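Undergrad: show me how the following folds:
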Amino acid sequence: MKNEYSNIDTIIFDFGGVLIDWNPRHMYRTILDDEEKMEWFLKHICTDEWNLEQDQGRSLQSGTEILTKKFPEHKNLIEAFYGNWEQRLNGEISETVEILHELKK
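TA: Numbering: from 1, shown residues only. Take a look at the predicted model:
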């Protein structure tokens, strides 16, 4: 039986935050000893808006350079954001992975 979705042959899922639990807090908790410092850093330095610029096409290197020039005192923490990306992963998000498998069928 055909429905309005019968002609769809491709579905794109975002990786981080959709299929995989991606969160910089997983990594920064291993670097910073204070939850408040970490939250301040992510709210004021490596912000969601800044990360979105890289998602939209700005190179990771360029984004990192922009922040390290603006906040040289946080250079190591800024460089860790993309330098230690694998530490920001915390397994799959089972609900969306299950949807992916169902859609594949």
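
Undergrad: which of the residues in stretch 37-49 are buried?
TA: 38, 41-42, 45-46 (16 or more other CB atoms under 10 Å). (Each C-beta comes from the backbone N, C-alpha and C, glycine too.)

Undergrad: sorry, wrong one. I was asking about stretch 58-66.
TA: Quick answer for stretch 58-66 (16+ other CB under 10 Å): 63-64.

Undergrad: which residues does that stretch contact?
TA: Stretch 58-66 is contacted from outside by 50-51, 53-54, 78-79, 81-82, using CB atoms under 8 Å, 6 or more residues apart in numbering.

Undergrad: 6 Å - rerun?
TA: By CB atoms under 6 Å, 6 or more residues apart in numbering, the list of residues contacting stretch 58-66 from outside reads 53-54, 78, 82.

Undergrad: got the CA positions of it in CSV?
TA: Provided in CSV are the C-alpha atoms of stretch 58-66 (Å, rounded to 0.1, in the frame of the first residue of the first chain):
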residue,chain,number,x,y,z
ARG,A,58,33.6,26.8,9.4
SER,A,59,36.7,24.7,9.8
LEU,A,60,37.4,23.3,13.3
GLN,A,61,40.9,24.9,13.0
SER,A,62,39.5,28.3,12.2
GLY,A,63,36.9,28.2,15.0
THR,A,64,39.5,27.1,17.5
GLU,A,65,41.9,29.9,16.4
ILE,A,66,39.2,32.5,16.7
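
Undergrad: if you rank the contacts of stretch 58-66 by neighbours, which is first?
TA: Counting neighbours by other CB atoms under 10 Å, the top entry in these is Ile78, with 24 neighbours.

Undergrad: which two from the contacts of stretch 58-66 end up farthest apart in space?
TA: Among the contacts of stretch 58-66, the pair separated by the greatest distance (CB to CB) is Glu53 and Ile78, at 13.6 Å.

Undergrad: residue ranges with poor pLDDT in the chain?
TA: The model of the chain has pLDDT under 70 over residues 1-6, 13-18.

Undergrad: what are the boundaries of the strands in it?
TA: For the chain, applying DSSP state E gives strands covering 20-22, 89-92.
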